[in-house]
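[1] Starting from these lines, generate the structure:
(chains A and B)
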Amino acid sequence: MGEMTKSLEEIYDARQIKVLDGLTAVRKRPSMYIGNTGIEGLHHLVEELVDNSIDESLAGYCTKIEVIIHLDNSVTVKDNGRGIPVDIHQLEKKPAVEVVLTKLHSGGKFDKKSYKVSGGLHGVGLSVVNALSEYLELEIKRDGKVYFQRYEKGQRKTPLQIVGKTKKTGTKIKFKPDPEIFGDLEFSYELLSQRLRELSFLNKGITITIEDERNDKNNQFFYKGGIISFVEYLNRNKNCIHLKPIYFEGEKNDTYIEVALQYNDSYKETIFTFANSINTHEGGTHLVGFKSALTRTINTYAANNNLLKDLKEGLSGEDVREGLVGVISVRLPDPQFEGQTKTKLGNSEIKGYVETLTNEKLGGFFEEHPTVARKILSKVIDAARARVAARKARELARKKGGMDSTLLPGKLADCQERDPAHSELYIVEGDSAGGSAKQGRDRKYQAILPLKGKILNVEKARFDKMLSNDEIKTIITALGVGINQDEVDVSKIRYHKIIIMTDADVDGSHIRTLLLTFFYRQMVGVIERGYLYIAQPPLYRIRVGKEDVYLKDEEELNRFLLERAMEKVELELKGARTRLGGKRLLDILNKLSRFDYYLRRLERRGYPREAIKVLLRQEVSLPEDFGDKGRLMFVHKALRAEGMEVGDIATDEEHNLYEFSLQGKINGRRVERKINKELIDSVEYRNVQALYRSIAGLETPPFIIYYKGGQHRIESKVELLQYITNIGKEGLYIQRYKGLGEMNPEQLWETTMNPERRSLLQVRVEDAVVADEIFTILMGDQVEERRRFIEKNALQVENLDI
Amino acid sequence: MVEEKIKARCPRCGKLIHWEGNPYRPFCSQRCKLIDLGKWIDEKYRLPSEELPSGDEEREEEM
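    Numbering: from 1, shown residues only, chains lettered A, B, ... in the order given. The predicted structure is shown next:
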């Protein structure tokens, strides 16, 4: 296409180069033009040349830019654009290229007709590079000819001359920065690469190469995806929340805007902004517009989808930008740069443009891609939750106790001892228990903190218990440890024994679970150091004559009663002509009693007693028994013969074994139970099985009991146990404690707090892990799971006992 | 020591966690720990109770 076919408007020649200023000032005050004469300023020179080539590419005339760092730290920048005009400038009466190189603020980009949008460094142009170079040589291929010219320190050394012929077009400039101006003349391959890569992202389709002759390094940058590739590049070592970057573009009043963004799972925000390919490090109106629209769009989406239930205050700007990697690029006719380093976009109208575009396009994207939107929202809401939580934790540390956070809570009855190693803190739950504990303690080294679980009506007939935040605050202050987002410092703790003392009922065990979980999650150091204990108040008080005996649990009670009965009874086994009494009888009855105890526990979990007995008779004892299908058939048949409802034998995929189901009952309600490895592995079954063997000596009924001179015929083992236990109860007063409050201060001291007699369970981390798991089940959103838990409550509470 | 044997999951997100050298244990991250703390402070953790709230309890909350 010849020049004649172009309209006057489109002609790029000397007539369009306007002269704005002279050059001498540049060498006098270089910093005014390139920021500084340090390493940044030095590299600015190359950027300036590359930017000119980019401008050619934006105008649609250049596809390739080459940068070469030579051995002597001179640099060549070469493009395949149209070549700088060489015709005579009408005003200056010299070749246009000479004007461009010697007059400040001259160049095509000051005329909007030549370049719709232009990068360049604020228009200082090639002349500044020329002025600050020891020498500069240019080679222009244009109109079939090759032109050459050399400058030194901005001064023309040769006239523009034709040195050859060519079919190509383009500009090639080689320059060496002037040592009189720059202290450090060493170019950094890395720094230049980074900027060139950036430029290739921003100008998709352009190829930029860099070559370093000093060490033979080279690289080529070409990104079809443009700023989408840029975002992918920035996220290359990150875990992204959604697969592909979100991209949108648009044009408003001659301004072209494109945005790409993608979230990763980090907490960092990385946003790069550009105006006409210039990295606007200081941000500006395009960034402000984007941020404001992002916050608004995400909040609107969250509100419309009812995702802000527990976040009344909404999502902040920081929340929505956490883990965000974004690139915003705008191209506009008259960029204004402000700020310290002139890298802040100042054009005020751009804010509105970017804002409108982002609101519209991002909002639309969320509507069309709800899955991606949900993922982003979930991340952003977590950020908000954490922010709010951090604030509340700070407030909690400040609140009440007010000015003095070291002030101990009023509820705490502290001890006199100041050495933590010798101090104990009882955390006591229950209405009157706190009072009894205060009276019964040894105030020298025992402190009491009464807790009242807060009760809340959740539904008509359902109540929930919790630790109120006041109580959490109280615990924290009483312990003297801070609580915050970082590791809790346990070294300043005020007690080396922290003893949780709760009632032996369901509520008590729930409060204990809450406390254990709280310590495990938020103050695990306390558990790791072995400072956390569980008190073991007795469950029974027995009055024998004038003496009180305290027993921990049902098992202890049974043993006590049997022992007592032994003094009075003898047992005759059918067939064996001997009578059993004393120790031998006790031993066998104890085993029977424990056997029965575990059977009952299994029963409570829904396994019928008869079914377990069949398993025992069939000697099912090892997990391997469930790998043998033939063997399992026998067991299956035997259960059916006993009238059990059993399901077909199926594979237990989790263990690569077999299993089958069985109809059982809990409180009269039918439940399905699995006969499998898990059952065999349970503590209950293992105990039942071990005891079954050792009571095998106890032959089949009837049994004859000799008691108080009489003979009593007993028809079953269960009955036998009951009969003898009842004999043990004669003349006793047995009290079962429902709560700590039923004990008077002396009793509480004697049984639970006196170091001479009490037994404390030390909580180990492993125990706390279990407590946390139970807690997680309890907290689960699934109502069904929660209901099931309450059904099996007794069992789980015992698990908690460790 | 005991800790080395501990196999635990982050109570919030379920990820297997490192115990040793993890200041946020038993959580996987500061983020998860903080959000959990927020739930305690907001009294979100509740267990079913068999007791009924008594009158003076309410009054004490007011004080």
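[2] hang on, residue A:221 packs against residue A:195?
    No - Residue A:221 lies out of contact with residue A:195 (C-beta atoms under 8 Å); the separation is 10.2 Å. Just so you know, the C-beta spots here come from the backbone N, C-alpha and C atoms, and that holds for glycine as well.
[3] Tell me who's in contact with the residue in chain A positioned nearest to chain B.
    Per C-beta to the nearest C-beta, residue A:389 is where chain A lies closest to chain B, at 2.7 Å. With contact taken as C-beta atoms under 8 Å, 6 or more residues apart in numbering or on different chains, residue A:389 is in contact with B:34, B:35, B:37, B:38, B:39, B:41.
[4] For my notes, confirm residue A:47 occurs in a strand.
    No - the assignment for residue A:47 by DSSP: H, G, I helix; E, B strand; the rest coil gives helix, which leaves it out of any strand.
[5] these two touch, right, it and residue A:195?
    Yes - assessed by C-beta under 8 Å, residue A:47 is found in contact with residue A:195 at 6.0 Å.
[6] ok so, going back, find the nearest non-adjacent residue to the residue of chain A closest to chain B, please.
    Excluding its sequence neighbours, the residue lying closest to residue A:389 (C-beta to C-beta, 6 or more residues apart in numbering or on different chains) is residue B:38, at 2.7 Å.
[7] again with residue A:352
    Closest to residue A:352 by C-beta to C-beta, 6+ apart is residue A:289, at 6.6 Å.
[8] for that neighbour, what are its contacts?
    Here residue A:289 is in contact with A:350, A:351, A:352, A:353, A:354, A:355, A:358 (criterion: C-beta under 8 Å, 6+ apart).
[9] What pLDDT does the model give residue 36?
    Unless you meant another one, I'm taking chain A. Listed pLDDT for residue A:36 reads 85.
[10] actually it's chain B I care about, not the one you picked
    For residue B:36, the predicted pLDDT is 92.
[11] Same check on residue A:402?
    Looking at residue A:402, its pLDDT stands at 43.
[12] how about the strands of chain B, start to end?
    Per DSSP state E, chain B carries strands over the ranges B:46-49.
[13] in it, what residue is nearest chain A?
    Residue nearest to chain A within chain B: residue B:38 (2.7 Å; C-beta to the nearest C-beta).
[14] quick one: that residue and residue A:772, what's the gap?
    In this structure, residue B:38 lies at 17 Å from residue A:772, with C-beta to C-beta, to the nearest Å as the measure.
[15] same deal with residue A:237?
    Separation of residue A:237 from residue A:772 (C-beta to C-beta): 33 Å.
[16] Between these two, which is the more surrounded one?
    Comparing residue A:237 with residue A:772 by other C-beta atoms under 10 Å in any protein chain shown, the one with more neighbours is residue A:772, at 19 against 6.
[17] Quick one: residues contacting that one.
    A:516, A:517, A:520, A:521, B:11, B:26.
[18] With residue A:339 instead?
    A:282, A:284.
[19] tell me the pLDDT at it?
    Listed pLDDT for residue A:339 reads 82.
[20] Does the helix or strand where residue A:328 lies reach chain B?
    Using DSSP states H and E, residue A:328 falls within strand A:324-331. No - Strand A:324-331 lies apart from chain B when judged by C-beta under 8 Å from any C-beta of the partner chain; the minimum separation is 15.5 Å.
[21] Relative to that strand, what are the paired strands and their orientations?
    Here strand A:324-331 is paired, per DSSP bridges, with strand A:255-263 (antiparallel), strand A:270-275 (parallel).
[22] In PDB, list the C-alpha atoms belonging to the shortest one.
    C-alpha atoms of strand A:270-275 as PDB (Å, rounded to 0.1, in the frame of the first residue of the first chain):
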ATOM      1  CA  THR A 270      -1.800  -9.400  44.300                       C
ATOM      2  CA  ILE A 271      -3.200  -6.800  41.900                       C
ATOM      3  CA  PHE A 272      -1.200  -5.500  39.000                       C
ATOM      4  CA  THR A 273      -2.500  -2.400  37.200                       C
ATOM      5  CA  PHE A 274      -1.400  -0.900  34.000                       C
ATOM      6  CA  ALA A 275      -2.300   2.200  32.000                       C
END
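[23] Quick check: what element follows it along the chain?
    strand A:278-279.
[24] Following element in sequence after that next one, please.
    Next along from strand A:278-279, by DSSP H and E: helix A:285-304.
[25] residue contacts, residue B:32?
    Contacts for residue B:32 were tallied using C-beta under 8 Å, 6+ apart; they are B:10, B:11, B:12, B:13, B:24.
[26] Any of these buried? List them.
    Using 16 or more other C-beta atoms under 10 Å in any protein chain shown as the burial test, the contacts of residue B:32 include B:10, B:11, B:12, B:24 as buried.
[27] Which ones, among these, also lie beside chain A?
    B:11, B:24.
[28] ok, so of the buried ones among the contacts of residue B:32, who is nearest residue A:128?
    Distance to residue A:128 across the buried ones among the contacts of residue B:32 (C-beta to C-beta) is lowest for residue B:24, with 52.7 Å.
[29] State whether that closest one and residue B:36 are indeed in contact, as I suppose.
    No - using C-beta under 8 Å, residue B:24 is not in contact with residue B:36, being 9.9 Å away.
[30] so where is the stretch 651-800 of chain A shaky, pLDDT-wise?
    For the stretch 651-800 of chain A, the stretches flagged by pLDDT under 70 are A:667, A:697-700, A:780-800.
[31] Under the pLDDT cut-off, which ranges of chain A? List them.
    Along chain A, the parts satisfying pLDDT under 70 run over A:1-22, A:105-124, A:399-407, A:431, A:460-461, A:483-487, A:574-577, A:667, A:697-700, A:780-802.
[32] Tell me where the stretch 351-500 of chain A has helices.
    Ranges of helices in the stretch 351-500 of chain A, per DSSP state H, counting those that start in this stretch, are A:370-398, A:433-440, A:469-479.
[33] still on that earlier bit, show me which of the contacts of residue A:289 are buried.
    For these, a burial check counting by 16+ other C-beta under 10 Å picks out A:350, A:351, A:353, A:354, A:355, A:358.
[34] Show the contacting residues for the fourth one.
    Residues touching residue A:354, when contacts are defined by C-beta under 8 Å, 6+ apart, comprise A:257, A:259, A:285, A:286, A:289, A:290, A:293, A:328, A:330.
[35] what about 6 Å?
    Residue A:354 is in contact with A:257, A:286, A:289, A:290, counting by C-beta atoms under 6 Å, 6 or more residues apart in numbering or on different chains.
[36] Tell me how far it lies from residue A:360.
    11 Å.
[37] ditto for the first one
    The span separating residue A:350 from residue A:360 equals 16 Å under the rule C-beta to C-beta.
[38] which one of the buried ones among the contacts of residue B:32 is nearest residue A:566?
    residue B:11 (49.2 Å).
[39] Tell me the pLDDT of the closest one.
    For residue B:11, the predicted pLDDT is 89.
[40] angle of the longest helix along chain B against helix A:469-479?
    Longest helix of chain B, by residue count under DSSP state H: helix B:30-41. Helix B:30-41 and helix A:469-479 are oriented at 110 degrees to each other (axes from the mean of the first three to the mean of the last three C-alpha atoms, to 10 degrees).
[41] can I have helix B:30-41 written out in PDB, keeping just the CAs?
    Provided in PDB are the C-alpha atoms of helix B:30-41 (Å, rounded to 0.1, in the frame of the first residue of the first chain):
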ATOM      1  CA  GLN B  30      -4.400 -19.500  61.800                       C
ATOM      2  CA  ARG B  31      -7.500 -19.000  59.700                       C
ATOM      3  CA  CYS B  32      -9.200 -22.100  60.900                       C
ATOM      4  CA  LYS B  33      -8.200 -21.500  64.500                       C
ATOM      5  CA  LEU B  34      -9.500 -18.000  64.400                       C
ATOM      6  CA  ILE B  35     -12.800 -18.900  62.900                       C
ATOM      7  CA  ASP B  36     -13.300 -21.500  65.600                       C
ATOM      8  CA  LEU B  37     -12.400 -19.000  68.300                       C
ATOM      9  CA  GLY B  38     -15.000 -16.700  66.900                       C
ATOM     10  CA  LYS B  39     -17.600 -19.500  67.200                       C
ATOM     11  CA  TRP B  40     -16.800 -19.900  70.900                       C
ATOM     12  CA  ILE B  41     -17.100 -16.200  71.500                       C
END
